[in-house]
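Student: Next input, structure requested:
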Amino acid sequence: MRFQTEQLPVSTRLRFRLPSRDDGAFYLKLMNEPDYRHFIADLGLRSIEDAVGYIENKSLARFSMFGVGLWLVEEKDTGNPIGVCGLVVRPELELPDLGYGLLEDYRGKGYAREAGEAVVEFAQTELKLECLCAITHPDNTPSGKLLKKMGFSKQGQRQLSEIGATSDYYYRDLSAADN
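Tutor: I've put the predicted structure just below:
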């Protein structure tokens, strides 16, 4: 699965962009927060060099390979990076996976929902997708609630070797008339 687009998701308070080498300190901070390590993954990033390597070899490589990935999300007003959000193409899933992670200081302000809905809108209008999926750690109740608010429904669980764990699996039809 490869998507061709020059566009980016759009929202009121947030700006989406590709990550760069200059974002190493931000990625190191985000990916070492306790909730990120517990609910998403402990990627073993312990230095800025590790984070830059992740950006180059994983994040940007996904964009090169699939045309989509996890964009860096910034506040428009301040330019501060607050998290990542986008679409992950996984070999074990038949649909692109809506993914997101925000710094703890920016949670509870509606940013995750705003970013997620911007990516869903992008997937529907720009990529012309008819459906999306999302996965969460089974203990990540807040993320499951957020996905349901965004119109996803839980469809059981999936064992994914790529992440080495069982995840709750959510589905959203983008072709329905009420979208």
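
Student: ok, what's across the strand from Val84?
Tutor: Beta-bridge pairing for Val84 (DSSP bridges): Leu72, Gly101.

Student: what's the spacing between it and Thr166?
Tutor: From Val84 across to Thr166, the span is 23 Å (CB to CB, to the nearest Å). Where you see a C-beta, it was placed from the backbone N, CA and C, and this is true even at glycine.

Student: If you count surrounding residues, which of these two has more?
Tutor: Legend: neighbour count by other CB atoms under 10 Å for Val84 and Thr166, higher for Val84 (26 against 13).

Student: Now for that one: which residues touch it?
Tutor: 19, 30, 70-73, 99-101 (CB atoms under 8 Å, 6 or more residues apart in numbering).

Student: go again using 7 Å as the cut-off
Tutor: Contacts for Val84 (CB atoms under 7 Å, 6 or more residues apart in numbering) come out as 70-73, 100-101.

Student: which one of those is nearest Arg172?
Tutor: Of all the contacts of Val84, Tyr100 has the smallest distance to Arg172: 14.0 Å, by CB to CB.

Student: got the contact list for the closest one?
Tutor: Taking CB under 7 Å, 6+ apart, one finds 83-85, 112, 115-116 in contact with Tyr100.

Student: any idea how far Ser175 is from the residue nearest to it when sequence neighbours are not counted?
Tutor: Closest residue to Tyr100 apart from its sequence neighbours, by CB to CB, 6 or more residues apart in numbering: Cys85 at 4.0 Å. Cys85 sits 22 Å away from Ser175, taking CB to CB as the criterion.

Student: Next: Gly67.
Tutor: 21 Å.

Student: again, but for Leu14
Tutor: Separation of Leu14 from Ser175 (CB to CB): 26 Å.
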